[in-house]
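**Q** Sequence and predicted structure below; questions after.
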Amino acid sequence: MKRKVIAASFIATGLAFSVSSCSTDEEKAKPASGCEEVLGAAGLEWVQEKAQADDIERGGVNLDELRREYYRQMKPWKPNAQRWESEVCTIKSTELGDGKKLTIEFGPSSTPFDFDEKTNPDGTVTSVNADLKLQQVRDFKDVTHYGVYVKCKVSGTSPRQEIVTPLAGVMTDTLTAGTSDAVHMRHLLRATQAVVDLLGCENDPSVPATPPA
């Protein structure tokens, strides 16, 4: 499991299929990878098509591992504790070089949900609804990082926990050429819905399928 501190701003912060009939039961019993769970079939097809490489490799923790790590950090909940995020999906190609990869990470945020109301945040912040905000930040290498913050109330925590320590996610992509911001955000929102469903947030946050126009 790869861990990173979720800082005050997240920026400062081959699909292989078996053809052997004798291994079919074994393949069915194999748990889904994090990339499969958060991106789904359509998302994996998008990466495969846009990456234009034959040796696509996937890695990262699965959602069960993410859930265990998330709750380990949140119970008992301490407002000022250092938070870590889990890399649920890494997709890369040795053919394209080490610098070309897509990562998706989620974890309890050290940044409060209302961070953009108290400071001048990096990049662009979009309030989608009462439960969710999106952020886009371009770094010094001209790479855009797509972030999401979600109010997610965890059972047994203190009032305002979902505001002080929201769920945070970030997608960084240098692998898929020619993909628009809207498409990146759509796949990030799909991943966010999968994580929200997994965590069972008590407040049932609303996650749209597409970003605002």
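**A** That came through, no problem.
**Q** C-alpha from now on. contacts and neighbour counts both.
**A** Fine.
**Q** list the helices and strands the strand or helix carrying residue 196 packs on?
**A** According to DSSP states H and E, residue 196 maps onto helix 181-199. Packing partners of helix 181-199 (3 or more C-alpha pairs under 8 Å, 6 or more residues apart in numbering; DSSP states H and E): helix 34-51, helix 63-74, strand 144-150, strand 167-173.
**Q** Can you lay out those as a markdown table showing mean neighbour count?
**A** Output for those, formatted as a markdown table (neighbours: other C-alpha atoms under 10 Å):
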| stretch | mean neighbour count |
| --- | --- |
| helix 34-51 | 18 |
| helix 63-74 | 17 |
| strand 144-150 | 24 |
| strand 167-173 | 25 |
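**Q** Quick one: low-confidence residue ranges for this protein.
**A** Counting by pLDDT under 70, the chain has low-confidence residues at 1-32.
**Q** longest strand in it, by residue count?
**A** Longest strand of the chain, by residue count under DSSP state E: strand 84-93.
**Q** how much does the next helix or strand after that strand deviate in direction from strand 167-173?
**A** Later in the chain than strand 84-93, the nearest helix or strand by DSSP H and E is strand 101-108. On the basis of axes from the mean of the first three to the mean of the last three C-alpha atoms, to 10 degrees, strand 101-108 is oriented at 170 degrees to strand 167-173.
**Q** Direction included, what does strand 101-108 pair up with?
**A** In the sheet, strand 101-108 lines up against strand 84-93 (antiparallel), strand 167-173 (antiparallel) (DSSP bridges).
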